[in-house]
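Asker: Provide a 3D model corresponding to the input given below.
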Amino acid sequence: MSTPLILQDNSRLFLVLGAVGGFFSVLFGAFAAHALRDIISPGLLQAFQTGVHYQALHSLALIAVGILAGQRPHRRLSMAGWAFATGILLFSGSLYIMAGIDAPWLGLVTPFGGLSFLLGWGTLAWHLLRG
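Answerer: Prediction:
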């Protein structure tokens, strides 16, 4: 039985996703600091900045997973990388859109991104413990 494509060696993909995620976290952070601060409420600005913070942190996590997977590919590393990428999309993405269009109901999506982050960290820890 072959391993699904999504769980095969994705080291380069995770490195690229991490680098692109880092790029956009800096871009979005600068946008928030210079353009959004006078346009949206302080609460929405804080939500947007929280999205930036978590995107930056988990972009670095993606780079770490990419480096580890490049040295010794494993399904658990792919699972962790996909969980981090999904978390960025759901957590940070929902906060960006919520702040941009003032749609508080999008906050219902954010916890699913948080769960994805937890899954990523837990899977990464499991992989490192199993060696």
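
Asker: pLDDT below threshold where in the chain?
Answerer: Applying pLDDT under 70 to the chain picks out residues 1-8.

Asker: most centrally placed residue in it?
Answerer: In the chain, the centroid-proximal residue (Cα atoms, centre = their mean) is residue 88; its distance is 2.6 Å.

Asker: quick one, what contacts it?
Answerer: 21, 54, 55, 58, 59, 62, 113 (Cβ atoms under 8 Å, 6 or more residues apart in numbering). C-beta: built from backbone N, CA, C; applies to glycine.

Asker: can you give me the helices for this protein?
Answerer: Along the chain, counting by DSSP state H, helices occupy 11-31, 42-71, 75-87, 93-101, 110-130.

Asker: can you list the ones you listed in a markdown table and add mean neighbour count?
Answerer: A markdown table is the format used below for those (neighbours: other Cβ atoms under 10 Å):
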| stretch | mean neighbour count |
| --- | --- |
| helix 11-31 | 17 |
| helix 42-71 | 19 |
| helix 75-87 | 23 |
| helix 93-101 | 19 |
| helix 110-130 | 16 |
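
Asker: for residue 47, see how far away the closest residue to residue 69 other than its chain neighbours is.
Answerer: Closest residue to residue 69 apart from its sequence neighbours, by Cβ to Cβ, 6 or more residues apart in numbering: residue 11 at 3.7 Å. Distance, residue 11 to residue 47, by Cβ to Cβ, to the nearest Å: 33 Å.

Asker: distance from stretch 26-41 to the middle of the chain?
Answerer: 20 Å (Cα atoms, centre = their mean, to the nearest Å).

Asker: as PDB, could you dump the C-alpha coordinates of it?
Answerer: Extracted in PDB, the C-alpha atoms of stretch 26-41 (Å, rounded to 0.1, in the frame of the first residue of the first chain):
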ATOM      1  CA  VAL A  26       5.900  41.000   7.800                       C
ATOM      2  CA  LEU A  27       3.900  42.500   5.000                       C
ATOM      3  CA  PHE A  28       0.600  42.200   6.900                       C
ATOM      4  CA  GLY A  29       2.200  43.400  10.100                       C
ATOM      5  CA  ALA A  30       3.500  46.600   8.400                       C
ATOM      6  CA  PHE A  31       0.100  47.000   6.700                       C
ATOM      7  CA  ALA A  32      -1.600  46.800  10.100                       C
ATOM      8  CA  ALA A  33       0.800  49.200  11.700                       C
ATOM      9  CA  HIS A  34       0.700  51.900   9.000                       C
ATOM     10  CA  ALA A  35      -2.600  51.600   7.100                       C
ATOM     11  CA  LEU A  36      -5.100  49.800   9.400                       C
ATOM     12  CA  ARG A  37      -4.500  51.500  12.700                       C
ATOM     13  CA  ASP A  38      -6.500  54.600  11.600                       C
ATOM     14  CA  ILE A  39      -9.200  52.600   9.700                       C
ATOM     15  CA  ILE A  40     -10.400  49.800  12.000                       C
ATOM     16  CA  SER A  41     -11.300  49.700  15.700                       C
END
